[in-house]
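Asks: Structure of the sequence below:
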Amino acid sequence: MMLTIKRDFDRPIEHGQYFIELIKNRDKNFDDFDRLGYWCDRAHLRQIARSILIHFASDIINEALKKK
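Replies: As a prediction, the model looks like this:
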């Protein structure tokens, strides 16, 4: 899974200057991409980043607990 965040200063602030893209199954076969893209402002960017980090952290912790 890959997360990219890009900022576009040419876009109006009220339309969101940050583009968040989450890509799963990235390889050379473009038909198998699972992508989610979203324009947002800075406040939403922080909330989305926190949610993603919590999700991945909980998955890592759960996986580690299963191995013991």
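
Asks: for the chain, what are the low-confidence residue spans?
Replies: Scanning the chain for pLDDT under 70 picks out 25-33, 67-68.

Asks: quick one: the strands in it?
Replies: Taking DSSP state E, the strands of the chain run over residues 2-7, 18-24, 34-40.

Asks: Nearest to Asp59, out of those strands?
Replies: Nearest to Asp59, of all the strands of the chain, is strand 18-24, at 13.2 Å by CB to CB. Glycine gets a C-beta too; all of them are placed from N, C-alpha and C.

Asks: Packing partners of the closest one?
Replies: Helices and strands touching strand 18-24, as assessed by 3 or more CB pairs under 8 Å, 6 or more residues apart in numbering; DSSP states H and E, comprise strand 2-7, strand 34-40, helix 42-67.

Asks: now the last one, how far from the centre of its chain.
Replies: By that I understand helix 42-67. Relative to its chain's centre, helix 42-67 lies at 11 Å (CA atoms, centre = their mean, to the nearest Å).

Asks: What of stretch 56-68?
Replies: That offset, for stretch 56-68, works out to 20 Å (CA atoms, centre = their mean).

Asks: who's in contact with that stretch?
Replies: The contact list for stretch 56-68, computed with CB atoms under 8 Å, 6 or more residues apart in numbering, is empty.

Asks: now swap in stretch 4-12 and tell me
Replies: Defining contact as CB under 8 Å, 6+ apart, one finds that stretch 4-12 is touched by Gln17, Tyr18, Phe19, Ile20, Glu21, Ile23, Trp39, Leu45, Ala49.

Asks: Give me the distance between the fifth one and Asp10.
Replies: Look at Glu21 and Asp10: by CB to CB, to the nearest Å, they are 18 Å apart.

Asks: between those two, which one's more packed in?
Replies: Taking other CB atoms under 10 Å, Glu21 and Asp10 do not tie; Glu21 has more neighbours (13 against 5).

Asks: my guess is Lys24 meets Asp34, correct?
Replies: Yes - counting by CB atoms under 8 Å, Lys24 touches Asp34, with 4.0 Å between them.
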